[in-house]
Every structure is written in C-alpha cells, then in structure tokens.
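# Have a look at this prediction, sequence included:
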Amino acid sequence: MTRKSVLIAAVALLLVITPPTGLIPGWTPALATNVALTALALVGLNIIFGVAGMLAFGQAAFMVVPAYFAGVLERAGFSSGPAIVIGLVVGVLLARGLAELFVRLPGVYLAFGTLGFGFVVEGLARAFPAWTGGASGLVFSAGRAIGQEVWYVLAIVALFIGLAGYVLLMRGAMWRRLRTIKHDELVAWAVGIDVTRAKVSAFTIGCFYACVAGTLLCYYVGVVVPEDAGAQKSLSQIGMVIMGGPALALGPVVGASLVAWLFFAAGYGGHYESLVYGVAFLSAVLYTKNGLLGLLPQSWFDATPVKRLTATDDAESAAPSADPTRIGVCLRVQDVGKRFQGLVALEDVSFDVAAGEVFALVGPNGAGKSTLFNVICGIIEPTTGRVAVAGRDLAALPIHRRAPLIGRAFQVARLVPDLTAAENVMVRIDNITPDLSETERRMAALRQLKAFDLLQHADQPVSTLSIGQHKLIDLARAAAGDPVLVLLDEPAVGLTESELVHLQEVIRKLQRRGIAVVIVEHNIDFVSSVASRGLVLDSGRPVATGTMRDILADTRVQKIYFGALA
C-alpha cells in the first residue's frame, strides 16, 4: 500500500468513525454531514479554481439554483424525485450555458462575472417570495422524513463517490491539460489545447458537483435562503479550498472540516467566527505553499499509473527515423504584413523554407521576428499576405489546430513547473495524437526525451532543473510528434558552451528527421553554425536574404546590424 493510499484511508477512517464516537468535541454526525456535503461542492470548485486556475465566485449560487427549482416544482405538485432530477438538469444546463460566456472572460473579469451571477440569483430569490419564500427562505419538508443516521451515511457515500470521480477525472491528459492552462494559456494553445473547450468542460463539471451537493444540503437542512447564493458564501468556499490544498483531492475535505470545526470552537468565545476564519486563512496562505496538505511531501500525491522507462531501455527506439516523403517547400511566407493600428510591425515579408532546412531570422530587437513567429503560429492574424505549411494555407486554422504541423519553443522556456519533464512533453502528445493510450503517450514522451539526452530528468519536476535543461525540454516538447516545422525563439540564450554544443546536435537531429527549423537568434556564431540560409529584418521590413555567408558579407547588414547582432 502506498503512502497516498494510507493517507486516504486514514482520512476516510477519521471522517467516518469519529463523529458518532464523540472523540472530537463538537464533531457530531450533524456537523459531519454538513461538512461532507459542503466538501462535495468544494471538490467541484477545486476543479475550477484549484486545478484549472479559474477564479470563479459562483459556486454557492450553483448550489442553490437546482434546489430552488426543485422546491418550486414540489409546490407545483411534483413529487420530490422528479423535482430534484429536473432541478439538477436545469442547474447543469445553466452552468454549461454560462460557462460559454464566463470562461472567455480574462482574469479578474471572470471573477466579477461569476460574482454577478451570484448576486442575480440572490436578487431573484428575494424578488419572487410567492415562489421562493423570499427572505424567509424556501422550506423543504421531504428531507425531514430521513433520519440523521441515514443522512450521515448518504453524505459520506456521496462525498466518496465525488472524490473517486475527481481522482478518475483529474489524471492523465485532462490533468496535464488543465495544469498547463492554469500556468500559461498561450502555451496551452500552442501545444494544441482548445483552451476554451477545456475550460468550459472543467467549469461545467465543477458546477455539477455544486448542483448535487447543494441540492442534498438544502434538503438536509430543510431550507434554502437567498444569502446561500451570496458573495460571502462563495468567498468562504474559495478560502476553504486554499486552506485545505488547491488541486489536491483531499484539500476540500480538510478545508471544509477545519473551517466548520473552528466556527464551532469560536462559538464558545462570542462572535469571533470571522476573526478565527481570517487568522486560519492567512496562516494557510502565508506559511504553506499548497494549503495544509502542502506540508506533506509532494511524492505522496503522485498518481501516474504507467510504466516507468529508464535510461537502460532500448536506445534504438529513442529517435524516430526520417520521413522520406518530406521534400520540397515546407514553409512559405508570402507578402506578409502586420499593422497594429498605425504601427507597422511587418511589411512585405516573403521567404521559403525547405524540409530539413535550418533557416535563420536575424535582426535587432523590435525588428518583427517574434511578431512573424506569432503570425506563423496563429497567435495573431496577418494584415496582408498568407502563410502555408506543407502546402496547406493556414488562414482558416486556429492556433490549436496548427499544433500537429508546427511546434514552437519560446525565448523563455514556458514549461509547467509542477509537471515533470515527461509530463511537459506529454501535454503536446496528448493533443496531436489523442488516439494513443496513456502508457503509449508516456513512452513516446520518454523516447523523445531520450533522443535529446534528457531521459534522466524525465520524472523530475521542471522547477528543480536548470535554465539550460528547460530550454532543451522546451525544444523536445516542440518537436514531439514530428511536426513538419519547428520554430525556435532564441534557443541559445542562457546556455553554457557545452549546452550550446548539445543544442547544435539536437538541431541536426531535427534536420535528419526531415523537420524544417526556423530559428531566431542573436548569437551569430551559433546561428551560422546551424543555419544554411537566413533573412534579416529591420523594423519589420526585409533587408537581406540568402546564405548566412552572403548575409554577413552584405554591407547593409554590416553597417546597420552588425553591432546589434554581435
């Protein structure tokens, strides 16, 4: 039995056994039932906020919406069973519809949008007292027919089912996808993730948890009031997730249990509940990286159930062989221009890159090199001109659908720090080869790392590795799945001499696989050693093109750029 299994078993045992025994003061079956149902809702919030990084304040509102619908239907003559089912369906459909709007909002605007939804639900509950009971609340009588013991068992079972669902969902490709989105949405798009779809799915699943937990909680308590959908409830729920441990399966359980018990304890000292909650919240934020569970070794939370390949595995399978069908022009940039209002970033840029060729883009800072990369990747649209890869016009392809054709390594390696080197490579493989199994994806990632002499770092979190290793892992990720084109943005920056030699060999390996490489680099000695041809840009305009020897011998380049490029 692993340490993780022991931890889960211990928490489960405490959760189930201690309330009836009275070993902990105040930890009664009634309080534990409330905590279990609250924690079930927080498991969903953990997916939205803890895993995917969406700061959403509407979880409390989604807890009461299906309950209000069910209560209104019961008043209209429906029996409890159908009323609850209809309420849940309405709640989930509403969550899905609002997700399409909310997840497109950047940063704090998402928080404001979901917070506004909570105010709308609270306002509607007050505005129609004939249906909702108004400020006095809507009473549910059906739950009173169930005894406390049954409610306690039901709550515990529901929580365990919810946790099991979380563990099954938040693993493998979905876990890597959402962690990448949380860390860097631009990288997520570039490796092939449809960020909007992924965030909509995470938001909807999280709200489904809230709908189920909220309905059960309202029937257990016997009443729902407008304040249950308010901002204070949602803010306290975010706090519980942070205190317990965001993105950790048991974080919501720990956070909800701690807050509920502290409120009970503070009740003996007057009205200091908010003070106690505030002290606990600030302590968790200031002194623990990942909540209370963050104090435990992170290896306890490793849940990768696949074969571990090592450096002793068959080296012949490490590097894919060259594709003989990759011939002719791979990348064609034709008359590309880009204007940002009155600023000309690119103008009349044209060049071709053949399969297996290394092509250099050089020029001083602000010359438009990164803008051109962004146009090729689909991050920005050109004002004029066209880009084609492998004979395919990219105009109609969004950024995430260009990933199978184009791999990109960034100037600053934008890796997900809490994923391992292998998992960072797998993020791209997940999206360009979705038919592979989890084990096959991991094996493909390890073969890729082995081809780049990085296999020894496969299971290390990238936060523990050096800048040079980050650069090489970023390149390995960009080349995973054998795209026809790889874009390298200043790959030599920050590398030692030995790492530069290694990088040269890595680029030659890409050439031998028939991959075209376009490289932006200020280190002229390095770029001259790997690139056969190049293009010089100045203020977005082409100045010289041809072989690297011809470019460096051009008097215009020597006069205008040599100082900047040296």
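Cool, got the structure. Numbering: from 1, shown residues only.
# going forward, measure contacts between C-alpha atoms and count neighbours the same way
Will do.
# Pull out the buried positions in the longest helix seen in the chain.
Looking across the chain with DSSP state H, the single longest helix is helix 195-221. Judged by neighbour count (16 or more other CA atoms under 10 Å), helix 195-221 contains these buried residues: 195-196, 198-220.
# packing partners for it?
Here helix 195-221 touches helix 29-45, helix 59-75, helix 80-102, helix 172-183, helix 185-190, going by 3 or more CA pairs under 8 Å, 6 or more residues apart in numbering; DSSP states H and E.
# Show residues contacting the following helix or strand past it.
Counting by DSSP states H and E, the next helix or strand C-terminal to helix 195-221 is strand 223-224. Residues from elsewhere that reach strand 223-224, judged by CA atoms under 8 Å, 6 or more residues apart in numbering: 64, 67, 68, 137, 138, 139, 140, 218.
# and the second one, how many residues sit next to it?
Around residue 67 sit 30 other residues, with neighbours defined as other CA atoms under 10 Å.
# pretty sure it is touching residue 222, no?
No - look at residue 67 against residue 222 with CA atoms under 8 Å: they stay out of range, at 10.6 Å.
# in the stretch 301-450 of the chain, which ranges drop under the pLDDT threshold?
The stretch 301-450 of the chain contains residues with pLDDT under 70 at 301-326.
# and the helix or strand harbouring residue 375, which residues are buried?
Using DSSP H and E, residue 375 falls within helix 369-377. For helix 369-377, the neighbour count (16+ other CA under 10 Å) marks 369, 370, 371, 372, 373, 374, 375, 376, 377 as buried.
# Distance from the longest helix of the chain to the middle of the chain?
How far helix 195-221 lies from its chain's middle: 18 Å, per CA atoms, centre = their mean, to the nearest Å.
# What of stretch 539-549?
Worked out by CA atoms, centre = their mean, stretch 539-549 lies 39 Å from the chain centre.
# Can I get it in CSV, CA atoms only?
Taking C-alpha atoms only, stretch 539-549 is exported to CSV below (Å, rounded to 0.1, in the frame of the first residue of the first chain):
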residue,chain,number,x,y,z
SER,A,539,11.6,47.5,-38.4
GLY,A,540,9.5,44.7,-39.9
ARG,A,541,11.0,45.0,-43.4
PRO,A,542,13.3,42.5,-45.2
VAL,A,543,16.8,43.9,-45.7
ALA,A,544,18.8,40.9,-46.9
THR,A,545,18.2,37.2,-47.6
GLY,A,546,20.4,34.3,-48.8
THR,A,547,23.1,32.1,-47.3
MET,A,548,24.4,33.0,-43.9
ARG,A,549,27.8,33.8,-45.6
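# Show the average pLDDT along that stretch.
Mean per-residue pLDDT for stretch 539-549: 88.
# And the contacts of that stretch?
So stretch 539-549 is contacted by 344-349, 366-369, 528, 531-537, 551, 554, 556-557 (CA under 8 Å, 6+ apart).
# before we move on, what about stretch 345-353?
By CA under 8 Å, 6+ apart, stretch 345-353 touches 329-339, 359, 367-368, 371-372, 385, 516, 518, 535, 539-542.
# Only the buried subset of these, as a ChimeraX command please.
Burial among the contacts of stretch 345-353 is assessed by 16+ other CA under 10 Å; the matching ChimeraX selection reads:
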select :329,330,331,332,333,334,335,336,337,338,359,367,368,371,372,385,516,518,535,539,540,541,542
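# The contacts of stretch 345-353 in strands, which ones?
329-339, 359, 385, 516, 518, 535, 541-542 (DSSP state E).
# ok, how many other residues are close to the closest residue to residue 117 other than its chain neighbours?
Distances taken as CA to CA, 6 or more residues apart in numbering put residue 58 closest to residue 117, at 6.4 Å, once the chain neighbours are dropped. Neighbour count of residue 58, defined by other CA under 10 Å: 29.
# And the one 4 residues further on, by the same measure?
The local packing count at residue 62 equals 31, with neighbours defined by other CA under 10 Å.
# Over to residue 10?
Per other CA under 10 Å, the neighbour tally for residue 10 reads 11.
# Now do it, the pLDDT please.
Model confidence at residue 10, given as pLDDT, is 73.
# In a strand, it, correct?
No - assigned with DSSP: H, G, I helix; E, B strand; the rest coil, residue 10 falls outside any strand and is helix.
# Does residue 240 touch residue 250 like I think?
No - applying CA under 8 Å, one finds residue 240 not in contact with residue 250, separated by 11.5 Å.
# between those two, who's got more neighbours?
Taking neighbours as other CA under 10 Å, residue 240 and residue 250 compare with residue 240 leading, 31 against 22.
# List of residues touching stretch 113-120?
56, 57, 58, 60, 61, 102, 105, 229, 230, 231.
# Going through these, which ones are buried?
56, 57, 58, 60, 61, 102, 229, 230, 231.
# mind putting those in CSV, distance to residue 30 and pLDDT included?
Converted to CSV, the buried ones among the contacts of stretch 113-120 look like this (distance: CA to CA, whole Å; pLDDT from 0 to 100):
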residue, distance to residue 30, pLDDT
56, 29, 89
57, 27, 87
58, 26, 86
60, 21, 93
61, 23, 95
102, 36, 89
229, 22, 91
230, 24, 86
231, 25, 83
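# of these, closest to residue 511?
residue 102 (43.6 Å; CA to CA).
# Settle this for me: the closest one is touching residue 110, isn't it.
Yes - in this structure, residue 102 is within contact of residue 110 by CA under 8 Å, at 5.7 Å.
# Poorly predicted segments of the stretch 1-150 of the chain, please.
Scanning the stretch 1-150 of the chain for pLDDT under 70 picks out 1-5, 7-9, 11-12, 15.
# Let's have the helices and strands packed on helix 195-221 in a markdown table, adding distance to residue 472.
Shown next, in a markdown table, are the helices and strands packed on helix 195-221 (distance: least, CA to CA, whole Å):
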| stretch | distance to residue 472 |
| --- | --- |
| helix 29-45 | 35 |
| helix 59-75 | 41 |
| helix 80-102 | 36 |
| helix 172-183 | 18 |
| helix 185-190 | 16 |
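# Among the contacts of stretch 539-549, which lie within helices?
Residues of the contacts of stretch 539-549 located in helices (DSSP H): 369, 528, 551, 556, 557.
# For the first one, list the residues it contacts.
Residue 369 makes contacts with 361, 362, 363, 520, 537, 540, as judged by CA under 8 Å, 6+ apart.
# Pick out the most distant pair among these.
Across those (CA to CA), the longest gap, 13.9 Å, separates 520 and 540.
# distance of the nearest residue to residue 86 once chain neighbours are set aside from residue 120?
Closest residue to residue 86 apart from its sequence neighbours, by CA to CA, 6+ apart: residue 70 at 7.0 Å. Look at residue 70 and residue 120: by CA to CA, to the nearest Å, they are 18 Å apart.
# Looking at these two, which has the bigger crowd around it?
Higher neighbour count among residue 70 and residue 120: residue 70, with 27 against 15, using other CA under 10 Å.
# a markdown table please, covering the contacts of residue 369 and showing distance to residue 400.
Output for the contacts of residue 369, formatted as a markdown table (distance: CA to CA, whole Å):
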| residue | distance to residue 400 |
| --- | --- |
| 361 | 24 |
| 362 | 27 |
| 363 | 28 |
| 520 | 22 |
| 537 | 27 |
| 540 | 26 |
